[in-house]
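Colleague: Sequence and computational prediction follow.
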Amino acid sequence: MGSTTGTGPAAAAAGAGAANNIFWHECPVGRADRQRLLKQKGCVVWITGLSGSGKSTLACTLGRELHSRRKLAYVLDGDNLRHGLNKDLAFSAQDRTENIRRVGEVAKLFADAGLICIASLISPYRRDRDSCRAMLPDASFIEVFLNMPLEVCESRDPKGLYKLARAGKIKGFTGIDDPYEPPLNCEIEIKQEEGSCPSPSAMAGQVVSYLEEKGFLED
Ligand SMILES: Nc1ncnc2c1ncn2[C@@H]1O[C@H](COP(=O)(O)OS(=O)(=O)O)[C@@H](OP(=O)(O)O)[C@H]1O
Ligand SMILES: Nc1ncnc2c1ncn2[C@@H]1O[C@H](COP(=O)(O)OP(=O)(O)O)[C@@H](O)[C@H]1O
């Protein structure tokens, strides 16, 4: 029987890990076989940054660029996943942790399937991102920090959420009254150069160059 600590969906999900009498079943076709088929190496490109920093834009531009190179990629977007898989979660620290854990597990499956999985979530806590990194085989978790200043994100405000947060109508909004912990050792940092943000295709190009250099785009 599983046990749970605390209450709510995140606590219940955390408790589900306590099942007994479960066994791992190995299949004859493995990751290496799938990678040969796809002519690429499975990995997770994990994009983190404030709301409005350009995560979804980068994820989609990168996905399109990889597709045009005949590489199989799939985008896991935090906002989108909160419509389904994670629709029981809100924005408390505990729910965000559970959100990141679930997406990390899904991303790990996609990478094992041989895909380039592009996960795009605020993922504000360093410890949660590091836990996802620890789920993946060596070097196949690529953390991309979209390092845009809060003022830039707030001036974009495409959904009007910063305005609502400043007005006190949304509580616990990342960057306003909730924390964001920047990565300390990410693989890729995207930031402003001479006061301007790189274009979406330049941001995607930075990631593609990294993937090429590290051999992820060949088997
Ligand atoms: N309180 C609060 N804080 C931050 N963001 C909020 C909040 N409430 C709603 N939203 C909207 O939810 C999107 C972030 O979802 P994520 O799953 O990426 O968040 S997290 O990683 O669990 O922190 C985020 O999308 P992006 O703007 O694409 O980042 C917002 O649209
Ligand atoms: N590189 C960029 N240069 C200029 N504007 C951008 C860039 N990337 C994103 N944007 C714009 O910023 C806003 C927020 O981008 P979005 O990708 O939705 O961010 P996030 O997913 O981090 O919330 C959108 O209006 C988008 O068009």
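Modeller: Looks like it came in fine. Numbers count the residues shown, from 1 in each chain. Ligands and ions are numbered 1, 2, ... in the order given.
Colleague: can I get the CA coordinates of the longest helix anywhere in the chain in CSV?
Modeller: Ranked by residue count and defined by DSSP state H, the top helix of the chain is helix 93-112. Extracted in CSV, the C-alpha atoms of helix 93-112 (Å, rounded to 0.1, in the frame of the first residue of the first chain):
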residue,chain,number,x,y,z
ALA,A,93,6.0,25.6,-4.6
GLN,A,94,4.9,22.0,-4.0
ASP,A,95,2.7,21.9,-7.1
ARG,A,96,5.4,23.5,-9.2
THR,A,97,7.8,20.8,-8.0
GLU,A,98,5.3,18.1,-8.9
ASN,A,99,4.8,19.7,-12.3
ILE,A,100,8.5,19.7,-13.1
ARG,A,101,8.8,16.1,-11.8
ARG,A,102,6.1,14.8,-14.1
VAL,A,103,7.4,16.7,-17.1
GLY,A,104,10.9,15.4,-16.3
GLU,A,105,9.6,11.8,-16.3
VAL,A,106,7.7,12.3,-19.6
ALA,A,107,10.8,14.0,-21.2
LYS,A,108,12.9,11.1,-20.1
LEU,A,109,10.6,8.7,-21.9
PHE,A,110,10.7,10.8,-25.1
ALA,A,111,14.5,10.8,-24.9
ASP,A,112,14.6,7.1,-24.4
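Colleague: Point out the other helices and strands that the helix or strand following it packs with.
Modeller: Using DSSP states H and E, the helix or strand that follows helix 93-112 in sequence is strand 116-120. Contact here means 3 or more Cβ pairs under 8 Å, 6 or more residues apart in numbering; DSSP states H and E; on that basis strand 116-120 packs against strand 43-48, helix 55-68, strand 73-77, helix 93-112. C-betas here are computed from N, CA, C, even on glycine.
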